[in-house]
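Undergrad: Let's see this in three dimensions:
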Amino acid sequence: MADNRQNIMEKAETRFMETQKKNAEKAKAMNEYQTEAKLRAQKTAKLRELRLARDEAERAAEALKPVEPKKKRASRAAK
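TA: Alright, predicted model coming up:
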């Protein structure tokens, strides 16, 4: 009977250790995922900022260009 009880305790301990190991692996994976997501968000924000600055510079350069007057079409009566 003592052997049976000891065997049950060993199995329970093994299951407990496996569960603890799985939980630790899950926590590590979640931490890595959150870190990558945070880095991706920072990179996206930086790229968005650069794109907006570029677009604003292009708009400013476009505004400085002189506007060419539109060519008028010849009227049909003149033909």
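Undergrad: how many other residues sit next to K72?
TA: 6 (other CB atoms under 10 Å). Where C-beta positions appear, they are placed from N, C-alpha and C, glycine not excepted.
Undergrad: so where does it fall, helix or strand?
TA: K72 is located outside every helix and strand, with elements delineated by DSSP states H and E.
Undergrad: Tell me the backbone dihedrals of it, please.
TA: As for K72, its main-chain torsions (degrees, to the nearest 10) stand at phi -90, psi 140.
Undergrad: mind listing what it touches?
TA: If you count contacts by CB atoms under 8 Å, 6 or more residues apart in numbering, K72 has none.
Undergrad: Show me the shaky parts of this protein.
TA: Applying pLDDT under 70 to the chain flags the ranges 1, 77-79.
Undergrad: can we see that at 90?
TA: 1-5, 62-79 (pLDDT under 90).
Undergrad: Sketch out the strands for it, chain order is fine.
TA: Here the chain has no strands by DSSP state E.
Undergrad: Against F16, how distant is E10?
TA: E10 sits at a distance of 11 Å from F16 (criterion: CB to CB, to the nearest Å).
Undergrad: ok, E32 - how many residues close by?
TA: Neighbour tally, E32, other CB under 10 Å: 10.
Undergrad: again with the one 4 residues further on
TA: Close neighbours of E36, defined as other CB under 10 Å, add up to 10.
Undergrad: What of the one 5 residues further on?
TA: A41 has 10 neighbouring residues, counting by other CB under 10 Å.
Undergrad: and if you look at Q6?
TA: 10.
Undergrad: Give me the distance between it and E18.
TA: 19 Å.
Undergrad: got it, and Y33?
TA: Applying CB to CB, the value for Y33 to E18 is 22 Å.
Undergrad: same question, R59
TA: Taking CB to CB, one finds R59 at 61 Å from E18.
Undergrad: what does Q34 give?
TA: Taking CB to CB, one finds Q34 at 25 Å from E18.
Undergrad: before we move on, what about A53?
TA: In terms of CB to CB, A53 sits 53 Å off from E18.
Undergrad: Repeat that for E10.
TA: For E10, the distance to E18 - CB to CB - is 13 Å.
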